[in-house]
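S.K.: 3D, please:
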Amino acid sequence: MGFVAHGLHVLIGNDAAEHRWVADVRTDIHSAVKGVCALALGCAEDDGLLWLDAPAASLFPDLVPGAGTETVTLRHLITMSSGVDFPWTPTLMTDWPDLALEFLRRPSPARAFQYSNASTYTAMRALATVVGDVGDYINKRLLHPLGIQGAMWERCPLGFVVAGSGLALRTEELARIGRLVRDNGRWGGEQILDPKWPRALHSDWVNAGVSPGYQRYAFAGWDGPGDTWRLHGAYGQLVIFSGAVIVTITASDHERADPLARRIAKHLQRTAIN
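M.R.: Numbering: from 1, shown residues only. As a prediction, this is how the structure comes out:
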């Protein structure tokens with residue numbers, strides 16, 4: 001199908017194989033980072049620093065939230081169910097003096113699915129009020145235990161992590177995050193975070209109803225294709241989960257990522273690997 005892949009990593013149980021088409025360098029995993037951000041919120045709740053079902057606006061004391069937005073929680077933000085309409089633009093991080101405050105000042109007529117990078121950014125801004133630098137917190141709390149050192153985060157003009165994208169990882173490093181999720185928060189015999197957070201990535205689905213493969217969204221995970229679920233970043237950054245199998249892909253091919261994901265899901269179903 002001519003898919004422009006950078007790297008492929010397949011994990012079945014404890015057995016791994018990888019193939020590369022380009023140099024093994026770190027590249028932006030785009031929206032796959034939303035899964036990392038979701039896990040970070042879980043870590044913060046585990047650490048007693050916040051509560052995901054508290055209103056996000058409560059962490060910004062000088063904010064006057066929009067009508068209906070005063071009850072939007074961190075869980076709503078990370079599951080894209082705030083109902084705040086905030087479309088993506090190439091200049092999203094510079095269109096407003098403070099994107100998080102602009103997001104929370106907008107009205108929300110009801111809790112409904114509205115996918116937006118600004119939603120994840122706002123959730124991480126809320127996290128920053130209790131942990132300080134979010135990039136440092138995630139590095140120390142999640143990435144360093146996985147042996148991922150020196151990961152760099154893209155920053156907004158205010159110095160906060162962009163969050164909806166902007167974390168550069170190697171294919172195998174992204175696969176480590178997938179393994180942590182598959183193994184319900186365990187790594188090297190240590191429980192890094194409560195198992196409920198990795199499970200939340202693919203449970204309690206929110207009805208998205210966008211298109212095939214984008215019908216349901218959870219704690220940053222998309223349901224499908226087929227019996228799989230996935231973390232999915234722009235330009236073909238994929239972590240596809242099917243039982244004990246994880247297929248991780250980094251790429252630069254936005255248009256053919258969905259057909260590839262469907263092809264992988266069909267192959268896994270045919271071979272009945274689980």
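
S.K.: element containing Y121?
M.R.: helix 117-131 (DSSP states H and E).

S.K.: And for A168?
M.R.: strand 168-169.

S.K.: What would the next helix or strand after that strand look like as PDB? C-alpha coordinates only.
M.R.: Proceeding N to C from strand 168-169, the next assigned helix or strand is helix 171-182, under DSSP H and E. The C-alpha coordinates for helix 171-182 follow below in PDB (Å, rounded to 0.1, in the frame of the first residue of the first chain):
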ATOM      1  CA  THR A 171       9.500   3.900  18.000                       C
ATOM      2  CA  GLU A 172      10.700   1.500  20.700                       C
ATOM      3  CA  GLU A 173      10.200   4.100  23.400                       C
ATOM      4  CA  LEU A 174       6.600   4.600  22.300                       C
ATOM      5  CA  ALA A 175       6.300   0.800  22.400                       C
ATOM      6  CA  ARG A 176       7.400   0.900  26.000                       C
ATOM      7  CA  ILE A 177       4.500   3.100  26.900                       C
ATOM      8  CA  GLY A 178       2.200   0.700  25.100                       C
ATOM      9  CA  ARG A 179       3.700  -2.200  27.100                       C
ATOM     10  CA  LEU A 180       3.100  -0.300  30.400                       C
ATOM     11  CA  VAL A 181      -0.500   0.200  29.300                       C
ATOM     12  CA  ARG A 182      -1.000  -3.400  28.300                       C
END
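
S.K.: same for helix 171-182, what does it pack against?
M.R.: strand 5-12, strand 15-20, helix 33-46, strand 186-187, helix 196-200, strand 237-242, strand 245-251 (3 or more C-beta pairs under 8 Å, 6 or more residues apart in numbering; DSSP states H and E). C-beta coordinates here come from the backbone N, C-alpha and C atoms, glycine included.

S.K.: what's the angle from the second one to strand 5-12?
M.R.: The reference is to strand 15-20. Counting by axes from the mean of the first three to the mean of the last three C-alpha atoms, to 10 degrees, strand 15-20 points 170 degrees away from the direction of strand 5-12.

S.K.: quick one, strand 15-20 and helix 171-182 angle?
M.R.: Following the same axes, to 10 degrees, one obtains 150 degrees for the angle between strand 15-20 and helix 171-182.

S.K.: Right, I'll leave it there.
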